[in-house]
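Chemist: Kindly generate the corresponding structure for this input.
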Amino acid sequence: MKAVFFALLLAAPAMAQDAPKLPVPSLPRSVDGLPIGAIPKQELPQTGCATFLWTATQTRTLVAMITADPARIRFAPDGKLTDLVRTGQNGPGDFGFLAHTDYAGGDLKVTVEMAIVRRGDLTQGALTDGATLTFTREGGDSIIVPVIGIIGCAS
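Modeler: Next up, the predicted model:
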């Protein structure tokens, strides 16, 4: 009996390595019925700052990442990961981001409006308070998504 136990114990690591890997689940095409999907986990850029935006709806889901340099937004309209370049910005700002920023590419236009709030308990970053992400397809309706976020900067 002891021999069988030790044989199973020694074989267990090999069996675990031989086990088939489970497929990585796909990202949702829609969050809370909106035509915007989640984006996968994003890394902070090597230099500069990034704003990470989550839905401020029933489900808190990462839906966009904005980088200051290069100036772009990554989001997933209808669940398709898409990057757009900045086409304009204005208003007060901080960390390379302004209160009103426009992005465009192909038949998509995106506007991000956000208030940047510095807090003493955050270093190398801030919060984005009362933000909205508005996206429009050429010839289509505009969709306004309430979002919240955090800004992080590389050290």
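Chemist: residues of stretch 97-115 that come out buried?
Modeler: 97-99, 101-104, 108-114 (16 or more other CB atoms under 10 Å). Just so you know, the C-beta spots here come from the backbone N, C-alpha and C atoms, and that holds for glycine as well.
Chemist: can you name the two of the residues you listed that are farthest apart?
Modeler: Largest separation among the buried residues of stretch 97-115 by CB to CB: Ala99 and Leu108, giving 21.2 Å.
Chemist: contacting residues for Val145?
Modeler: By CB atoms under 8 Å, 6 or more residues apart in numbering, the contact set of Val145 is Leu34, Ile36, Thr55, Thr57, Val63, Thr132, Leu133, Thr134, Phe135.
Chemist: tell me which element the residue nearest to Ser142 when sequence neighbours are not counted is part of?
Modeler: Among residues not flanking Ser142 along the chain, Thr136 sits closest, at 4.4 Å (CB to CB, 6 or more residues apart in numbering). Thr136 belongs to strand 125-137 when elements are defined using DSSP states H and E.
Chemist: Could I have the CA atoms of that strand written out in PDB?
Modeler: Output in PDB follows, covering the C-alpha atoms of strand 125-137 (Å, rounded to 0.1, in the frame of the first residue of the first chain):
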ATOM      1  CA  GLY A 125      -0.800  59.700 -10.100                       C
ATOM      2  CA  ALA A 126      -4.300  60.900  -9.400                       C
ATOM      3  CA  LEU A 127      -7.900  60.000  -9.700                       C
ATOM      4  CA  THR A 128     -10.300  60.800 -12.600                       C
ATOM      5  CA  ASP A 129     -13.500  61.900 -11.100                       C
ATOM      6  CA  GLY A 130     -16.800  62.400 -12.800                       C
ATOM      7  CA  ALA A 131     -15.600  61.200 -16.200                       C
ATOM      8  CA  THR A 132     -17.400  60.300 -19.400                       C
ATOM      9  CA  LEU A 133     -16.300  58.400 -22.500                       C
ATOM     10  CA  THR A 134     -18.400  59.300 -25.500                       C
ATOM     11  CA  PHE A 135     -18.000  57.400 -28.800                       C
ATOM     12  CA  THR A 136     -19.600  57.800 -32.100                       C
ATOM     13  CA  ARG A 137     -19.500  55.800 -35.300                       C
END
